[in-house]
Structures are given as C-alpha cells and as structure tokens.
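[1] from the sequence below, what's the structure:
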Amino acid sequence: MKGIIMRKSLLIIATLIIINSSVYPCFDTYLFLNKGSMVYPYKSAVLELTGEYSVNQFENPHEDAFLSNGSFYYGLGEKFSFQLSLGSDEKSRDNFKLDFYSIKAVYNVHTSNLNDYTLDLMLQYRRGMNNTLDEIELSLPNIFRFSELTYVIHPVANYSVNDKNYQIGGHTGIFYDFNESGVIGFGAEYASPQSGSYAGERITKSEVAASIFLGAKIGNFLYVQNELAKGLSNSRDFGFALTAKFLI
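    Numbering: from 1, shown residues only. From the prediction side, this is the model:
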C-alpha cells in the first residue's frame, strides 16, 4: 500500500511540473527503469521531444534562451543503438527555427555479470544548417546499480571544428526507482572550456550547475521527465527542460 501511494504521488508531482514548465535531458527515465545501459534495446524504436528554457539572468528577461529538438532512437543490436536529431539550437525565445541536426552512436563496452555496472561509448556529431555549428562529442557514461538506486558518472569531451576549441566536463547523478514506474534524483554538471595549445590561457572559466530530476512512466508507451537546474558558478541562473518519449 505504501509503495502504491508513493508511486501515485510521484506521478502527480511529475505531471504538475510538466504542465507548468519543462529539463536538461542529461539522464534517461526510460533506460533507468529498464535497468539497462545507455544502449537502446535491440529492435526498439523510440521518438523523443525535448524543450529547454534558460533564465540566464533573473533581472534581464531579454537574455532568456530556448532550445528544442526531436529525436529518433533505434536499437540495431544487443550492444549498439543510434540516435538521429533535428532541432533549434539555443537562442532567444522569439527566434525559434530548425537549424541543426545530429547523429549519435552508442556502444556498450562492458556489462557486469550481475548487471550492476555498465560502461558505454558515445560518439555524436552535430552540425548547423548554416555552417555555424560543427561539433564532435565523445563521452563514457558509467552506470552503477544498487537495488533501487542508480548512480551515473558521465565524463564528456566536446570539440568545435570551426573554433578549433574543445571543452571537457561531465555530469553525475543519483536516482531512486519507485516500483519501476517513476524516478527521482539529484544531479550535478561541470563544464570547463579549453583553449587550444596555441592560446595563452589553457583553462577558462568553468561552469557548475546542480539539478533535481523527476521522471515517470505513463501507461505502456509514454515516458516523461523533467529536470530543474540551478547554476552555481559561471552558469545560467535557472533552467528547466521537459522530455517526452514515445515507444513505437
């Protein structure tokens, strides 16, 4: 009875937040509840819609920014899946337009015998339709599981082809699974822009942010999640994003 009450409470909270707002899609409710790696299950097909809103400075609403994208995921094998995305990169809220596309490949490098640890390799390419964006991203998500708890350590390296600069960072989080129907967690994100070896400054100002994450499974085909993020250092004042996944 207690588990049923907590599950219903989580679904109500998640739904209320979704109605009133929208989070940084760093984590994946669908994969967390399925207790797998970041590779989508073999022959599974998933559509995703994401919107993210950033309040860069509370005292200056004209600096607010918005981004959105749609993605398609497909599991090509037991250890390999890919993602195709099309969207509007971060810009002022009144300037929405489709201006970038990306492709991501995910390969499961290792899964423990007890399925309590997985290591994946992610490679993503993003390109702007007006050639202003040209990025390659490499990351290594590590997922640890202890009963209903999931812990993520995800280092990320990003290289800008146009600027010839790169950024290192990552995110981490701990999440609790409610009866395989909902997820609540806390996360943190770090990013350190790096200048090239030819530049005078090697490590520039780093960004640090923390977040609260809520996710839920609704019915058999819909997963929703919401993340509320607060900048702690050299980051936006506040941000939120909503992600909805549809199994097809």
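
[2] in the chain, which helix or strand is least confident?
    Least confident helix or strand, the chain: helix 2-20 with a mean of 38, by mean pLDDT, DSSP states H and E.

[3] moving C-terminal from that helix, which element do we reach first?
    The helix or strand immediately downstream of helix 2-20 is helix 29-33, counting by DSSP states H and E.

[4] run a quick neighbour tally on residue 95.
    Neighbour count for residue 95, taken as other C-beta atoms under 10 Å: 10. Yep, even glycine has a C-beta here, placed from its N, CA and C like the rest.

[5] how much space separates it from residue 66?
    The gap separating residue 95 from residue 66 is 9 Å, by C-beta to C-beta, to the nearest Å.

[6] same thing with residue 212?
    Look at residue 212 and residue 66: by C-beta to C-beta, they are 20 Å apart.

[7] could you do residue 106 as well?
    On the measure of C-beta to C-beta, residue 106 and residue 66 end up 27 Å apart.

[8] who has more neighbours, these two?
    residue 106 (23 against 17).

[9] for the strand or helix carrying that one, C-alpha coordinates in PDB please.
    Counting by DSSP H and E, the element that carries residue 106 is strand 100-111. Output in PDB follows, covering the C-alpha atoms of strand 100-111 (Å, rounded to 0.1, in the frame of the first residue of the first chain):
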ATOM      1  CA  PHE A 100      20.800  21.900 -36.600                       C
ATOM      2  CA  TYR A 101      20.900  18.100 -37.000                       C
ATOM      3  CA  SER A 102      22.900  15.400 -35.200                       C
ATOM      4  CA  ILE A 103      23.700  11.700 -35.200                       C
ATOM      5  CA  LYS A 104      24.800   9.800 -32.200                       C
ATOM      6  CA  ALA A 105      26.100   6.200 -31.900                       C
ATOM      7  CA  VAL A 106      26.200   4.300 -28.600                       C
ATOM      8  CA  TYR A 107      28.100   1.100 -28.000                       C
ATOM      9  CA  ASN A 108      28.000  -1.000 -24.800                       C
ATOM     10  CA  VAL A 109      31.700  -1.600 -23.900                       C
ATOM     11  CA  HIS A 110      31.000  -3.600 -20.800                       C
ATOM     12  CA  THR A 111      28.100  -5.000 -18.700                       C
END
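
[10] give me the contacts around that strand.
    Residues outside strand 100-111 that contact it (C-beta atoms under 8 Å, 6 or more residues apart in numbering) are 37-40, 69, 78-89, 117-129, 133.

[11] mind doing that once more with 7 Å?
    37-39, 79-87, 89, 118-129, 133 (C-beta atoms under 7 Å, 6 or more residues apart in numbering).

[12] any idea which helix or strand comes after that strand?
    Sequence order places strand 117-128 as the next helix or strand after strand 100-111, per DSSP H and E.
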